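[1] My questions are about this predicted structure, shown below with the sequence.
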Amino acid sequence: MTNVLEVRNLSKSFGGVQAVKDVHFDLKEGEFLALIGPNGAGKTTCFNMLNGYLKPNAGSVSLRGQALIGHPPRKIWRMGVGRTFQITATFLSMTVVENVQMALISHHRRVYDLFSRATRLYVDEAMALLELVSMQDQAGRACSELAYGDLKRLELAIALAHEPALLLMDEPTAGMAPSERLALMALTAEIVAKGGVSVVFTEHDMDVVFAHAHRILVLNRGELIAEGTGSEIRTNPLVQEVYLGGGSVFEAESAHA
Amino acid sequence: MLDVTNLGAWYGRAQILNGVSLSVGENEVVALMGRNGAGKSTTMKSIMGLVRHIDGTIRYAENEIRGNTPHAICRLGMGYVPEDRRIFGDLTIEENLEVGRREARPDAPEWTQKHLFELFPNLAERRKNLGKQLSGGEQQMLTIARTLMGNPKLVLLDEPSEGIAPVIVEQMARVIAELKREGLSVLISEQNLHFARIVSDRAYIIEKGEMRFEGSFADLDGNPEISNTYLAV
Amino acid sequence: MNLIRRTVLGALAAMPLTGLTTGISLAQDTIVLGEVNSYTRLPAFTEPYKKGWQLAVEQINAAGGIDGKQLEVISRDDTGDPATAIRIAEELVSKDGAVLIFGTFLSNIGLAVSDFAKQKEVLFLASEPLSDAIVWSKGNKYTYRLRPSTHMQAAMLAEQAAKLDAVKWATVAPNYAYGQDAVKAFKAELTKLRPDVEFVEEQWPPVFKIDAGSTVRALEAAKPDAIYNVTFGGDLAKFVREGSLRFLFEDRDVASLLTGEPEYLDPLGAEAPTGWIVTGYPSTDIETDEHKAFADAYMEKFGEAPKTGSIVGYNSILAIAAALEKAGSTDTDALLTAMEGLIVESSPTGPFTFRAADHQSTMGAYVGKTGMVDGKPSMVDWAYADGADYLPSEDDAAALRPTE
Amino acid sequence: MGFYFAQLLTGLANASSLFLIASGLSIIFGVTRIVNFAHGSFYMVGAYIAYTLVSLWSGSIFGFWVSVLLAAMVVGMIGLVIELTILRRIYHAPELFQLVATFGVVLIFQDATLAIWGAEDLLGPRAPGLNSAVRIMGEPIPEYDLALIAIGPVVLLAIWLLFHKTRWGVLVRAATQDREMVGALGVNQAWLFSAAFVLGSFLAGLGGALQIPREAVSLQMDLSIIGEAFVVVVIGGMGSVSGAFVAAVLISVLNAFAILIFPQISIVLPFVIMAIVLIFRPHGLFGKPGSEKGAPEEPDQPLALMDQKSAMVLMAALLVLAISPVFTADFTTVLMVDVMVATLFAVSLHFMMGVGGMVSFGHAAYFGVGAYGAAMAVKFLGFGMIPAMIFGPVCAVLAALFFGWFCVRLSGVYLAMLTLAAAQILWGVTFQWQEFTGGDDGILGVWPAKWASADKVYFYIAFVFCIGGIWALRRAAFSPFGYILRGIRDSQTRAEAIGIDTRFHQWMGFVLAGGFAGLAGVVFAFSKGSVFPDTLGIALSIDGLIMVLLGGIHALAGPILGAGAFVLIEDWVTRLDYWRFIFGAIILIVVLLAPDGIAGGIQRLLRGLKGGRA
C-alpha cells in the first residue's frame, strides 16, 4: 500500500520548551492511526502542524507527495485534509444542515456569491452527508441546541464534505458517553473501510483506541516513544509507566473492553 | 442534605431539564450519570444557581435555594467544580486559592493552603506559577483545591475524569476518597461507570433531561438493560 | 404656565407623523419668523442671544407689532449639526409658515442654512456666525449677515496693534476655519499698516482641547514681541492661566479677538489679563440713550446684564422689523428688495446698514483694553468702531462674491 | 536643554491627568466589560463638584485637597447609583448593549449639569500653596504641574498595590477573567462589579477635580476627554492599568514635542499613535489576547426568511412609505428621507457588526467619504447628480479597501477602535485640508439636478437608492457570502478549516458595508445640499452604533427599527426644553424594558400576546 502521509523529523518548540521533537511516521492508504499520550505530550501540537495552524521549526510533511508545510490551513484543506476539533468548532448561529452546506459552498468555490440564497444550495449533498453520520433527523435544528456528541458527529460530516484524502480527528470522542464513542468510531472505521480516506486521531479513551485503531503511536514529552498494534502498546512497560498507569481504574475499564 | 425535586431548566426557549429529582445525604458520594448532553452539567449548574430559567424546588441544609445567586449558595457551604476547570490563568496558584478562600464553617472540615498542598504536592511546587502555565491534570487538581478553600460541606464535581490521562484519573479517585473520609458529601457527574462505581455510594442516571434510574450499583448491575440503554457500556 | 402648555402642545402637534398634512393654520394677524440656533451645543453663547431677541419681540409686539401684526418666533435647536439645521429650516418654512429664517452661531451651520436659503429661495439673516465666507466667497442673494465678521474684528485689532512697537508677532488660534480666517485677516491687515512686522510662530490647538502648557511654551520659545490670540471660551481660560504662570505675557503686548465680550471675559474673573487689546462689548458702560434703554429693559426682564449675544439677538429682530416695515409685505422678493441697503436707524449700538453689495451689516464692535474695575474684569479705554470703516469698499466686496 | 526638559515636564503633567481618567475607564472595562461612554461625564461632574467645594473653602490648602477628594467620592457614589439602578439590570444583554445605556447617561448628565451649574464656564481658584511657578534649569514650571507629575505614579502604585496585595484586588483580577466562576466561589460579584465601577468613577472624578487649578470647568469637558481616554486605554491594552499609564505618557509627551514642529498635528495625533500601535500590537502595548472581548453571550438563532404575514406587513409599510409624498407636507418627506438615509447607514453598520461580528466605532468615515466623493465630483469634476451618486460609493469602497485591510487584522474592541482611528484621521484630513475640502466650511451647492430638486421628486430618488441598498444588503446577508461571514464570526477556526480565507472574506464584508454607508452618504449630501466634516465625525458613528444596538443587534430588522426610532424620537424631542435629558431618559427606559433591543422587545411582546412562554 502507498503512503498517504509522510511525516519526517517534525519538531516544534515554544520559547525554549521542546513541544515536539523529531516525530517521524507514515500513514498508509486506508489506515486508521491513533496518536496517544499524556496531556502535554505534544499530540495537539503535532496535529496543528499537520494542518497548518502551526509552523514547525524543522521537518517535513507530505500528503501524496505534496509538501504541506508552509501553507495556511485553508490551503491544506483544499489539498484534501479534513479535520475535527478537540473543542468542537461549528457555526453556532446556523442550523445543522447549514453548517454542512457552508463546507460544500466553500468546496464548490461559491463563497463570494452575493445573490443566491445560501440555504438553497447543495441541500441534497448536505443531507446525504448528515445521513452518513445519522444526523438527518436533526438537520433543521439550531446548532447551539445540539448535544455535545451530536456536535462531534456534525463535525465529522463537515470534515467529509470535500471528500478528503486524510482526516485528522483531535479527541473525536471527548465528552461523549462510552456507547456513543464506540458508535462514532465504528462509523468512522466504516468510512475508512469504504476507502478513499485515511484517518489520524488522538484519544484518551483506550477502549476506543484499542477497539478501532489499526496502529498506535505513543507520544511523551514531544517524542515518539512507542509504535505498534493495540496489544503491543498495552504491554509496553514504558507506555504503562508514563501513560496507562497500573491502577484500579484502568484495570476495571480495560477488563470491560 | 440536598434535595432536588422536579427541577426544570431552560436555555433560551429550549428546555434542557424536565422534572429532575435527586438527593444527596450526609457524607455520601452520589454519582449522576448519563451521556453527554443528557443534562448532568445543567443539573449541577442549576443547583449552583448558574442557570437563569429554572423551576422546581432545590432544598439544601433546610433552605430553599432556588433563585439564590451562586455566591449565596456557595456561602451556605456548597462547592462547585466545573467540568471545564475555569481556573484563573493570569493569577498564581496561591491567588487562585485565595479567590476560593472563605471563612471556616462549624459543620464542615476546614481546609488551609498548607493542608491542600499536602493533598496536591504538584501544586505546592508551583505555587507562584500562573494558572495558565499548568498542565491539564494540574489545572484539574487546582480547580478542586480552589473549591475546597471555601470549606464546603457538599461538593458538586462535574466530570472530574473527563479529558485527562488515566494516571491522573487514578489520582482523582484517591482525592474523592479522601474527601469522603474528611466527612464531605459529593455529587459527582460522570460518564464512566467504572470510575463512578469506585468512588461513589449510589447512582442516578439521567437521559434527555429526565431521571431514568436511581439506586445502588448493585441495583444497576441487576438491571443490565438500564445501563445498556442509557450508558450502554 | 402658559409657556409650558404651549411648549408641550406645540411639541405634540409637531410630532412627525401627526402633522402629515400641508397647510398653515396660523392666524393671519401674526408674522412667523423661523429661528435656528445651537442652544444645547453652546448654551453659554446662545442663551443670552435668545433673551435678546425675546426682549425685542416683546417690545415690538407691545408697541403694536408690524402693521398691526404680531411677531411670532418659532425657535428650534439645531443640536450643533448642519444637517439637522437644514431639516429644521425646511420645516420652519414649509410647515410653520415662517417668512424668513434667522439665527445660527457656528459658521458651518450658518453656511449650510445660507445654502439652503439660496436653494429654497427664502431670506436668511445670519445673526451670529462670523465666517467671512457667508457674505463673501460663499455669499448669495438670500443671505444677509448682522454681526461684524471675523475680518472686520481682526481689522479693528490690527489697527490698534499697528500702533505698538512690537515687530515680532506670534499667533495662537483654534484649529478650524474661524481661527484660520482670523489669523489670515489679522496678518493681512497688520502687514498693510506695518510692513515691517514679521510673524515668528503659529500655534493651532484643537478647539476646546488646547494643551495649554505646551502651547504656551512653544510660543515662549519663539520669543515674540507680541501675541495675537484667537482662542476663546475654555481654551482661553486655560491659555491665560498657563501663560501667566509661565510669564508668557510679561512685557508682551497681546491683541485678542472677542476677549472683551462678557461671554469670554466674565468667566476669567480675577485672573482676567489686563492691558490686552481686545474687541468686545462693555455692556454696562455704554451710556447712549438707546443702549441704556435696552440694557435697563433687559436687566429688568432677566435680572442680569446683557451680553454680546443679547445685543446680537436684539438687533436681529430690529433689523427684521425694519425690513418687514420697509417691504410692507412678507413676500420673499419684497423682503429681499427691502434688505438691500436697509438702514436700521436706531439700535442700542447705533445705526447700521445692510450693504447692498455684500449683504454685510455695518454694525460695529467695541475696541479697547482689558482691565479690572472694582475687582471685576471689564473693558477700559474703549471706543465704538463702526463696522463700515473696516469693510472693503462695496465694489471690492462685490468682487469677492461669486457671480450669480 | 532646559527648554526640552521643561517641555517634557509639561507633557508629563498632562499625562497624569489623562492617566487618572483612563485608568478608571480601563478598570471598569476590565471587570464589567462595559464600554462606558459616561466616563467623560463623571470627569466633568467631578470638576463641577470640586469647583463648588473649592469655592466654599477658598484659599485653604487643606480645604482644596479635601474638596478634591470629596468631589471624587461623590462621583464614585454617583457611579454606584448608576451601576445599581441601570447597569446591573443589563449585564446579560448582548455585547456592547450597555454602551447604549451609558450614552443615555451622557445625555442626561449634559442637561443636568447645565441646569445645576449654568451655561457659563467656571474658573476655579488655583491650588493654594501651589499657585506659582518654580524655575528648573532656568525654565518656569508651575508647581501644580509638579504635583500632578507626582500624583500620577502615586495613583498607579496605589492601584497596583490594591490589585496585587489585597484580597479585593485578587478577586477583581479573577473576575476580569471569569466573573461567573468567581460568583460560584462565593464572591458576590454584583458588589465586586459595583466596587469596580465606583473605583473607576472615583478616578474619573478625581481626574476632573484635579483639573480645577488648570482650566475653566465647562460643559464641553465630557466629550472633549472621552475620545482621548479611550485611545489611552486601547493603546495601553484594555484592562491594563499600567498600560494606561504608559500610553498616557506616550501621547502627552509626544504631543508636547510634536506641536513645536507641526502645530496642527494635535487634532489627530492620539489617533495616529493608536493606529500605529494597533497595527503592530493588535492587543495594545500590555493587553492580553482575549482582552478585547465583551462578556460571553448566547449564540444567535439561525436566520430565517420572513414568514408570509411579516412579508405582507413589510410590503404594506413600504407601500405607505412610497405613496406618502402624495398626502404629506414637504417637511415630512424631507424627514422621511433622513429616516431612510439613517436606516441604510444603520443597516450597513449592522451588516458589519451583526452579520460580520466586526464592531465599528468609525462607520461614519465611509458615509462621509461617500458624501464628500459626490460633493467633490460635482464641484471639481463637474459631474451631474446621478454620476456623482455613483462616484461617491466608489470612493467609499476605496477608503474601506484601504482601512479595512488593517482593521480586519484585529478583533473586538481593538478592531472597533482602529475603525475609529481611521475615521478620525480621515476627519482630520478633511478638516485641515481647506483648499481641497473646504475645511469645516464644507462644500456647498451640492443640490439635486433641476428635474429632481422638488422635495417629492428627490424623495423617490432617495427611496430607490436607500430601499434598494437595504434590500441588497439583506439579500447579501442571506447569500453564501453573508452566511460565510456570519460563520467566521461564530468560529474563525471552523471557517478556516473549511477552506475560507477568513481575513479576505472579512475584508470584503467591511468593504461592502463601507460602500453602502457611502451610498447613504451620497443620498444625504444631495438632500442637504452641503457636506461638512461632521459627516465623518465621531458623533455620527456613535449615532449609528446606538441605532444598531438599540434596535437589536441579533435581528436583521433591528437596525431598521433602531434607525427609525432614533431619528423620529430625536426630531420630536429636540422641540422641547432640556431635550437631551428627555432623550436620555427615553433611551434608558427602552434599554431597561428591552435589554435585547427594540426588535427583541417586540418579538417578546408578540410571543407574550400569543400566550407563549417568554
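    Great, that's in hand.
[2] contacts, neighbours, all on C-alpha from now
    Will do.
[3] just the strands in the chain please.
    Unless you meant another one, I'm taking chain A. Remark: strands assigned in chain A by DSSP state E are A:3-14, A:17-28, A:32-36, A:58-63, A:66-67, A:81-84, A:166-170, A:198-202, A:215-220, A:223-228.
[4] my question was about chain C
    Assigned by DSSP E, the strands in chain C fall at C:30-37, C:70-77, C:100-103, C:123-126, C:143-145, C:168-172, C:198-203, C:226-229, C:253-260, C:277-280, C:343-344, C:352-353, C:365-373, C:376-385.
[5] Pull the number of nearby residues for D:P153.
    16 (other Cα atoms under 10 Å in any protein chain shown).
[6] do D:V75 as well
    D:V75 has 31 neighbours, counted by other Cα under 10 Å.
[7] again, but for C:Q160
    Count around C:Q160 with other Cα under 10 Å applied: 15.
[8] Next up, the contacts around A:V242.
    By Cα atoms under 8 Å, 6 or more residues apart in numbering or on different chains, the residues touching A:V242 are A:P38, A:N220.
[9] tell me which element the residue positioned nearest the centre of chain B falls in.
    With distances taken as Cα atoms, centre = their mean, the residue of chain B nearest its centroid is B:L157 (1.5 Å). Using DSSP states H and E, B:L157 falls within strand B:154-158.
[10] who does that strand touch, helix- and strand-wise?
    Strand B:154-158 sits against helix B:40-48, strand B:78-81, strand B:185-190, with contacts defined as 3 or more Cα pairs under 8 Å, 6 or more residues apart in numbering or on different chains; DSSP states H and E.
[11] one more time with 6 Å, if that's ok
    When contacts are defined as 3 or more Cα pairs under 6 Å, 6 or more residues apart in numbering or on different chains; DSSP states H and E, strand B:154-158 packs onto strand B:78-81, strand B:185-190.
[12] Quick one, which of those strands gets closest to chain C.
    strand B:78-81 (51.7 Å; Cα to the nearest Cα).
[13] For that closest one, name the packing helices and strands.
    strand B:154-158.
[14] and the angle for the strand it packs on with helix B:40-48?
    Taking axes from the mean of the first three to the mean of the last three Cα atoms, to 10 degrees, strand B:154-158 and helix B:40-48 form an angle of 150 degrees between their directions.
[15] ok, and what's touching strand B:154-158?
    Taking contacts as Cα atoms under 6 Å, 6 or more residues apart in numbering or on different chains, the residues outside strand B:154-158 that touch it are B:M78, B:G79, B:Y80, B:V81, B:P82, B:E83, B:L184, B:S185, B:V186, B:L187, B:I188, B:S189.
[16] Quick check: mean pLDDT of that strand?
    For strand B:154-158, mean pLDDT rounds to 93.
[17] Tell me which strands that strand pairs with, and in which orientation.
    strand B:78-81 (parallel), strand B:185-190 (parallel) (DSSP bridges).
[18] At the contact with chain A, which residues of the stretch 401-550 of chain D appear?
    Counting by Cα under 6 Å from any Cα of the partner chain, the residues of the stretch 401-550 of chain D close to chain A are D:476, D:478-481, D:487, D:490-491, D:494, D:496-500.
[19] got a winner among those residues for most neighbours?
    Per-residue neighbour counts (other Cα under 10 Å) across those peak at D:A497, which has 30 neighbours.
[20] Skipping its backbone neighbours, what lies nearest that one in space?
    Excluding the flanking residues, the one nearest D:A497 by Cα to Cα, 6 or more residues apart in numbering or on different chains is A:R74, at 5.9 Å.
[21] From A:Q101, how far off is the one you found?
    A:R74 sits 17 Å away from A:Q101, going by Cα to Cα, to the nearest Å.
[22] next one: D:L606
    With distances taken as Cα to Cα, D:L606 is found 32 Å from A:Q101.
[23] So for those two, which sits in the more crowded spot?
    The residue with more neighbours, out of D:L606 and A:Q101, is A:Q101; 27 against 13, by other Cα under 10 Å.
[24] What is the burial count for residue 30?
    In the absence of a named chain, chain A is used. With other Cα under 10 Å as criterion, A:G30 counts 23.
[25] meant chain B, my bad for not saying
    Based on other Cα under 10 Å, the number of other residues close to B:V30 is 26.
[26] Ok, A:G15 next?
    By other Cα under 10 Å, neighbour count at A:G15 equals 7.
[27] list the contacts for it?
    So A:G15 contacts nothing (Cα under 6 Å, 6+ apart).
[28] could you dump the strands of chain A to TSV with distance to chain C?
    Formatted as TSV, those follow (distance: least, Cα to the nearest Cα, whole Å):
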stretch	distance to chain C
strand A:3-14	46
strand A:17-28	49
strand A:32-36	62
strand A:58-63	54
strand A:66-67	57
strand A:81-84	53
strand A:166-170	55
strand A:198-202	60
strand A:215-220	61
strand A:223-228	61
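[29] Could you dump those into JSON lines and include mean neighbour count and distance to D:V54?
    Formatted as JSON lines, those follow (neighbours: other Cα atoms under 10 Å in any protein chain shown; distance: least, Cα to Cα, whole Å):
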{"stretch": "strand A:3-14", "mean neighbour count": "18", "distance to D:V54": "57"}
{"stretch": "strand A:17-28", "mean neighbour count": "18", "distance to D:V54": "59"}
{"stretch": "strand A:32-36", "mean neighbour count": "25", "distance to D:V54": "71"}
{"stretch": "strand A:58-63", "mean neighbour count": "19", "distance to D:V54": "68"}
{"stretch": "strand A:66-67", "mean neighbour count": "12", "distance to D:V54": "74"}
{"stretch": "strand A:81-84", "mean neighbour count": "27", "distance to D:V54": "66"}
{"stretch": "strand A:166-170", "mean neighbour count": "24", "distance to D:V54": "66"}
{"stretch": "strand A:198-202", "mean neighbour count": "24", "distance to D:V54": "69"}
{"stretch": "strand A:215-220", "mean neighbour count": "23", "distance to D:V54": "69"}
{"stretch": "strand A:223-228", "mean neighbour count": "18", "distance to D:V54": "71"}
